[in-house]
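# need a structure here:
(chains A and B, ligands or ions: 3)
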Amino acid sequence: MNDRKYIIAGLVIFIAIFTFPFWYNLGKASPGPDIKLTEKAKAAKQCVMPTGYMRAEHMHLLDIWRHAVVRNSDRTFVNASGKEFTMSLSNTCLDCHSNKAEFCDKCHDYASVRPYCFDCHIDNPKEKK
Amino acid sequence: MESSRRHFLTIAGLAALGLGAKPVLNALASGSAGEFTGGVDAFKLKPNDKALKAKQWAMVIDTRKIKQASDLEPMIAACNKIHNIPTFEDKRHEIKWIWEDEYHNVFPTAENKFLNDRVEHIPFLVLCNHCENPPCVRACPTKATFKREVDGIVMMDFHRCIGCRFCMAACPYGSRSFNFTDPRPFIKEVNKEFPTRMKGVVEKCDFCAERIDVGQLPACVEASNGILTFGDLYDPKSNVRELLKSNFTIRRKQSLGTEPCVYYIV
Ligand code: SF4
Ligand code: SF4
Ligand code: SF4
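Ligands and ions are numbered 1, 2, ... in the order given. Below is the predicted model:
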């Protein structure tokens, strides 16, 4: 019965320590990546799919494209609004997003993912180095 | 008194817990915020309208039109250029999709002791035969090598290749090459529209599937000056069938039962 204050004190200390990282970072959370769109991408207004989907699921869509092109010889993608695109990472995606360093890499670095797409697919087909 | 003090402390403790946990919950919750709603599957995938179609693509090589190595050069160069084939000084690293060789090596099972002068001396063009019964496909444990159902092209899915090289052991024609090092630095002039390969992947001629699918003939055929003919083996009226009907042709090691689809008029 007399341990009560120790238990409470312990509880308070535990909570303080457990939540410390969150308090510590409060208000200075690192800002999300600052992604730049090319003029061409801005003018297009929407990507092949809605922006939210592209942001969250572009890797899934690329996987669907890969399978369709390589294994089923389907080369054309028709989106919900009936617009047609050639399924190609280098020739379609990176034609609009020709600023890989400011677009793809920014977010990939922020999320600490290292996709190896570009080991083979030529990045920035239009960019002059 | 005793009991209300205990009550107070309990409430206070819970309140502290709740306050402390709030930012934690906020942080955990923010991970799943998504703005996308609906339409995920509302898309269609289809072939390009201009795609060339066949039941089984085949090639006829008219060796009568070949005099010397320089006749073959444009075809080999065309393929190397559009497919980003690297050039290695070290022969053991060589990547080959289409190349030349002499009769003895190309047709070891159809060799006579004495050959006529022409056949003895001209270079023969060799590439993947896109076999109708391809042993490479059977050997591949990952289905990275597969036969396209639409047109019989024996394709490589480089994404899937694990570099085990079973296919290289299985192919009786040496049509396949392995990337021992990253090929990119060894590509003279990069074609930005076609991917390169990476270290640890096998590659070979793909009958220009990427061109056929958008209505173009293979690059080597276009550059061949009439030496190569490309068409549907199972269309009795196709250009290759016309040639096969009117000329005597041979195929490489056909006794193995692989049914090569590259025919040579000798
Ligand atoms: S030539 Fe070799 S690589 Fe090409 S399909 Fe036949 S077995 Fe496979
Ligand atoms: S090296 Fe690649 S293509 Fe060849 S058998 Fe292995 S996984 Fe298949
Ligand atoms: S068909 Fe295409 S990939 Fe095959 S050798 Fe000719 S140019 Fe190269």
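
# which other helices and strands does the longest helix seen in chain A contact?
For chain A, the helix with the greatest residue count under DSSP state H is helix A:4-25. Where contact means 3 or more CB pairs under 8 Å, 6 or more residues apart in numbering or on different chains; DSSP states H and E, helix A:4-25 is packed against helix B:2-29. C-beta coordinates here come from the backbone N, C-alpha and C atoms, glycine included.

# next SSE downstream of the helix it packs on?
Next in sequence after helix B:2-29, counting helices and strands by DSSP states H and E, comes strand B:44-46.

# what residues of that following strand count as buried?
Neighbour-count burial for strand B:44-46 flags residue B:45 (criterion: 16 or more other CB atoms under 10 Å in any protein chain shown).

# stretch B:96-103 now?
Within stretch B:96-103, the residues that count as buried by 16+ other CB under 10 Å are B:96, B:97, B:98, B:99, B:100, B:103.

# is it positioned near ligand 3?
Yes: using CB under 6 Å from any ligand atom, stretch B:96-103 comes into contact with ligand 3 via B:97, B:98.

# average pLDDT for that stretch?
Stretch B:96-103 carries an average pLDDT of 97.

# also stretch B:128-144?
Averaging pLDDT along stretch B:128-144 gives 98.

# now the terminal residues of it, how far apart.
This stretch, stretch B:128-144, spans 16 Å end to end (CA to CA, to the nearest Å).

# any residue of it touching ligand 1?
Yes: Stretch B:128-144 lies within reach of ligand 1 by CB under 6 Å from any ligand atom, at B:128, B:129, B:130, B:131, B:134, B:135, B:136.

# distance to ligand 3, secondary structure and neighbour count added to those residues, as CSV?
Putting the residues of stretch B:128-144 next to ligand 1 into CSV (distance: CB to the nearest ligand atom, whole Å; DSSP: H, G, I helix; E, B strand; the rest coil; neighbours: other CB atoms under 10 Å in any protein chain shown) gives the following:
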residue, distance to ligand 3, secondary structure, neighbour count
B:128, 7, coil, 25
B:129, 11, coil, 26
B:130, 9, coil, 27
B:131, 14, coil, 26
B:134, 15, coil, 25
B:135, 19, helix, 18
B:136, 15, helix, 26
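
# in JSON lines: those, plus distance to residue B:75.
JSON lines is the format used below for the residues of stretch B:128-144 next to ligand 1 (distance: CB to CB, whole Å):
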{"residue": "B:128", "distance to residue B:75": "14"}
{"residue": "B:129", "distance to residue B:75": "16"}
{"residue": "B:130", "distance to residue B:75": "16"}
{"residue": "B:131", "distance to residue B:75": "21"}
{"residue": "B:134", "distance to residue B:75": "23"}
{"residue": "B:135", "distance to residue B:75": "26"}
{"residue": "B:136", "distance to residue B:75": "23"}
